[in-house]
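1. When you get a sec, could you give me coordinates for this:
(chains A and B)
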Number of protein chains: 2
Amino acid sequence: MTSCKVVLASELPQRAPPRVNLQIAALRNEIHKTITERGIRPKLVGFLANHDPAAVKYAEWTAKTCEETGVDFELRKIDKQELEDKVIEANEDDDVNGIMVYYPVFGDRQDQYLQNIISTGKDVEGLCHTFVQNMYHNVRYLDKEQKRKCIIPCTPLAIVKILEYIGVYNSVLPYGNHLYGKTITVINRSEVVGRPLAALLANDGARVFSVDINGVQEFSRGTGIKLRKHEVKDSGLSVEQCVPLSDVVITGVPTASYKLPTEWLKDGVVAINFSTHKNFSEDVKSRAAIYVPSVGKVTVAMLERNLLRLHDHQHGL
Amino acid sequence: MTSCKVVLASELPQRAPPRVNLQIAALRNEIHKTITERGIRPKLVGFLANHDPAAVKYAEWTAKTCEETGVDFELRKIDKQELEDKVIEANEDDDVNGIMVYYPVFGDRQDQYLQNIISTGKDVEGLCHTFVQNMYHNVRYLDKEQKRKCIIPCTPLAIVKILEYIGVYNSVLPYGNHLYGKTITVINRSEVVGRPLAALLANDGARVFSVDINGVQEFSRGTGIKLRKHEVKDSGLSVEQCVPLSDVVITGVPTASYKLPTEWLKDGVVAINFSTHKNFSEDVKSRAAIYVPSVGKVTVAMLERNLLRLHDHQHGL
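-> Numbers count the residues shown, from 1 in each chain, chains lettered A, B, ... in the order given. Next up, the predicted model:
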């Protein structure tokens, strides 16, 4: 038996605090600077057709951040039965550069129908079919000339940006493989966040366990020289088995009672929660090297980034 | 008090039996005749990526009907993870005129994503966003020249055809108002059948009560000269209140235990069930003038009708 040095947790160096707040300020400053230097005032219209507290809060954050960064944000509160017609009006209004809807509206598949009512050219959330299909297929431009970059859904994009910022993405590795060697669990496989996020991470080289009530799927990057889209198979693992294997654990369980058991987490894990409820327990910091309790503010910054991109597409820039 | 003639139920003339079987034969013969006379052999590819008994049965019916009518049907049984890529291959295959998928595949919003993977030009089920949006907006052609008619989702279309056949549509009334004066309840508001059906019926002039677990909405045709799309509002009624007002009651509740109470039905009602379960009780015929227990076979005929239309679009006809 070889000798083994034991390091007590109390002897470990103090962990670095989350630096996400710094990142939000940096992202916001960058957008503000771009808008100011270029002398533009892009206009975003948000439609609120519900009284969902999370949606109302998201609308308030959008308004606040837009004011700080110089984006002209207009919140239109309307009845859900009017929503479709009002979105179509905004599609046709040249003064509007971007459109978003605060979901849920009907709370069922009709919401997915509404996502496709917003024209591709104004879809800041990146939820219309064209953008979603391109994202799953790793198609990064709308045009063959590679001038118009696709929009990526805001929340998954925000989480990717956070992972880049905190060093999970390794830019020394070749492009398309920046996450090579990383194992990531995403607990949520919704069409709006969880599944696109798993695909984005797998397209960048990670081994991703995608968890929902129906089981655990494994998303991985296809092999070969060509930048291919991810592949999906049943993992054969339970969530208790895949979480301890993961360098990063990302949660988005929409229930207040759900808490991921801290003892499942590997020491030094990166823990990110995008649910409006806290899916990690208070003691998560006893295991996590970095803990990001919410991603809402980065998501709003991504909305603005997408808005700038659509503004430039509309002006042929 | 004025005198009042009482007619006992036993004195009423014998009710006419359902004539739907005749209609199925007529529709099938018409398609067979068209294919034979024109010497064409349109090809339909169906993808089955589940073991759902209703889906398997639907696939069997498709195969049988296609053989009888001269349509070249190929059933491709595949793993659900391969489905997206295989659909895209079929989109690009000039030998394939129409594509359909037997749902449910994933049983969640990912199925709605898959509906949009089938190219508009090959979507026999009419479930891609372009066709669905056009149907809701009462846009009947894909092109300004009005040469390429839109595809309408098969099951709602089958129910409309049944209502036309059994005389609920009144062709004496002006076009776009053939259902004027009729009250119809549709118990199901799914994005695949119930909501499109309610919209189609309202666009044709009916007052439609659309029922689901969230309540009863009222769909009605907008007023004015122009052929406008339907309007939707909360009805303020319960299902117990709207069923007795209805000339036609259409059910699609996907549970075996659900039975619509026969005593709610108005005497002489037209009762149509599109659920795979029998939503009307055995004694429904004691009230209904016409009872249609299932619409599956007419739906397959509509698939073929849509296939012929797409075949002709592809050949510039």
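2. Just list the residues touching the residue in the stretch 201-317 of chain A positioned nearest to chain B, thanks.
-> Nearest residue of the stretch 201-317 of chain A to chain B: A:V232, at 5.1 Å (Cβ to the nearest Cβ). From N, CA and C alone the C-beta is placed, and that goes for glycine too. A:V232 makes contact with A:210, A:217-219, B:81 under the criterion Cβ atoms under 8 Å, 6 or more residues apart in numbering or on different chains.
3. My reading is that it lies in a strand. Confirm?
-> Yes: counting by DSSP: H, G, I helix; E, B strand; the rest coil, A:V232 is part of a strand.
4. where along the stretch 151-300 of chain A do the helices fall?
-> Here the stretch 151-300 of chain A has its helices, by DSSP state H, counting those that start in this stretch, at A:154-165, A:194-203, A:239-242, A:296-314.
5. Pick the most buried one from the ones you listed.
-> helix A:194-203 (a mean of 25; mean count of other Cβ atoms under 10 Å in any protein chain shown).
6. What mean pLDDT does that helix get?
-> For helix A:194-203, the mean pLDDT works out to 94.
7. next one: stretch A:217-236
-> Taken as a whole, stretch A:217-236 has a mean pLDDT of 76.
8. So for A:A198, what's the nearest residue that isn't a sequence neighbour?
-> A:S210 (4.1 Å; Cβ to Cβ, 6 or more residues apart in numbering or on different chains).
9. Number of residues surrounding that neighbour?
-> By other Cβ atoms under 10 Å in any protein chain shown, 25 other residues sit near A:S210.
10. Can you tell me the element A:V101 falls in?
-> strand A:98-102 (DSSP states H and E).
11. Can you give the contact residues for that strand?
-> Against strand A:98-102 from outside (Cβ under 8 Å, 6+ apart): A:42-50, A:52, A:55-56, A:58-59, A:62, A:83, A:87, A:90-91, A:114-115, A:118-119, A:122-125, A:303, A:306-307, A:310-311.
12. could you check the angle helix A:296-314 makes with it?
-> 150 degrees (axes from the mean of the first three to the mean of the last three Cα atoms, to 10 degrees).
13. Next, report how far strand A:98-102 is displaced from the centre of its chain.
-> Relative to its chain's centre, strand A:98-102 lies at 16 Å (Cα atoms, centre = their mean, to the nearest Å).
14. which residues does the residue of the stretch 201-317 of chain A closest to chain B bridge with?
-> Beta-bridge pairing for A:V232 (DSSP bridges): A:F219.
15. What distance do you get for it to A:L27?
-> Between A:V232 and A:L27 the distance is 31 Å, computed by Cβ to Cβ, to the nearest Å.
16. Redo the helices of the stretch 151-300 of chain A as JSON lines? Include distance to B:Y141.
-> Converted to JSON lines, the helices of the stretch 151-300 of chain A look like this (distance: least, Cβ to Cβ, whole Å):
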{"stretch": "helix A:154-165", "distance to B:Y141": "36"}
{"stretch": "helix A:194-203", "distance to B:Y141": "34"}
{"stretch": "helix A:239-242", "distance to B:Y141": "50"}
{"stretch": "helix A:296-314", "distance to B:Y141": "28"}
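17. circling back to that earlier point, okay, the contacts of A:V232 in JSON lines with distance to B:Y102 next?
-> Compiled in JSON lines, these are given as follows (distance: Cβ to Cβ, whole Å):
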{"residue": "A:S210", "distance to B:Y102": "24"}
{"residue": "A:Q217", "distance to B:Y102": "21"}
{"residue": "A:E218", "distance to B:Y102": "26"}
{"residue": "A:F219", "distance to B:Y102": "25"}
{"residue": "B:Q81", "distance to B:Y102": "16"}
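18. for those, which one is nearest B:L201?
-> B:Q81 (38.1 Å; Cβ to Cβ).
19. what's the neighbour count on that closest one?
-> 15.
20. Likewise for A:G236?
-> Around A:G236 there are 10 residues (other Cβ under 10 Å).
21. residues from the stretch 51-200 of chain A in reach of chain B?
-> Residues of the stretch 51-200 of chain A lying near chain B by Cβ under 8 Å from any Cβ of the partner chain: A:81, A:84, A:108-110, A:112-113, A:116-117, A:129, A:132-133, A:136, A:190-191, A:195.
22. out of the contacts of strand A:98-102, which are buried?
-> The neighbour count (16 or more other Cβ atoms under 10 Å in any protein chain shown) marks A:42-50, A:52, A:55, A:58-59, A:62, A:83, A:87, A:90-91, A:114-115, A:118-119, A:122-125, A:303, A:306-307, A:310-311 as buried among the contacts of strand A:98-102.
23. now the strands for chain A?
-> In chain A, the strands defined using DSSP state E lie at A:43-48, A:72-77, A:98-102, A:183-187, A:207-212, A:215-221, A:230-234, A:248-251, A:270-273, A:290-292.
24. Dump those to CSV, plus distance to B:Y141.
-> Shown next, in CSV, are these (distance: least, Cβ to Cβ, whole Å):
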stretch, distance to B:Y141
strand A:43-48, 29
strand A:72-77, 31
strand A:98-102, 27
strand A:183-187, 43
strand A:207-212, 41
strand A:215-221, 41
strand A:230-234, 38
strand A:248-251, 46
strand A:270-273, 48
strand A:290-292, 50
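25. can you list the domain ranges for chain A.
-> Split into domains by automatic domain parsing, chain A comes to A:40-124, A:156-297.
26. B:T276: which of those is closest?
-> When the domains of chain A are compared by Cβ to Cβ, domain A:40-124 sits nearest B:T276, at 19.0 Å.
27. gap between that closest one and the chain center?
-> Taking Cα atoms, centre = their mean, one finds domain A:40-124 lying 18 Å from the centre of the chain it belongs to.
28. tell me the average confidence for it?
-> The average pLDDT for domain A:40-124 rounds to 95.
29. how long is it end to end?
-> 17 Å (Cα to Cα, to the nearest Å).
30. so what pLDDT did A:N21 get?
-> 69.
31. surely A:R189 meets A:A199?
-> No: with contact defined as Cβ atoms under 8 Å, A:R189 does not reach A:A199; the gap is 10.4 Å.
32. and for stretch A:210-220, what are the contacting residues?
-> Residues from elsewhere that reach stretch A:210-220 (Cβ under 8 Å, 6+ apart): A:185-189, A:194-195, A:198-199, A:201-202, A:206-209, A:230-239, A:242.
33. if we go to 7 Å?
-> Stretch A:210-220 is touched from outside by A:185-189, A:194-195, A:198-199, A:202, A:207-209, A:230-235, A:237-239, A:242, with contacts defined as Cβ atoms under 7 Å, 6 or more residues apart in numbering or on different chains.
34. likewise stretch A:131-141?
-> For stretch A:131-141, contacts defined as Cβ under 7 Å, 6+ apart pick out A:120, A:123, A:148-152, A:196, A:199-200, A:203, A:227-229, B:113.
35. again, only this time at 6 Å
-> Applying Cβ atoms under 6 Å, 6 or more residues apart in numbering or on different chains, the external contacts of stretch A:131-141 come out as A:149-152, A:196, A:199, A:203, A:227, A:229.
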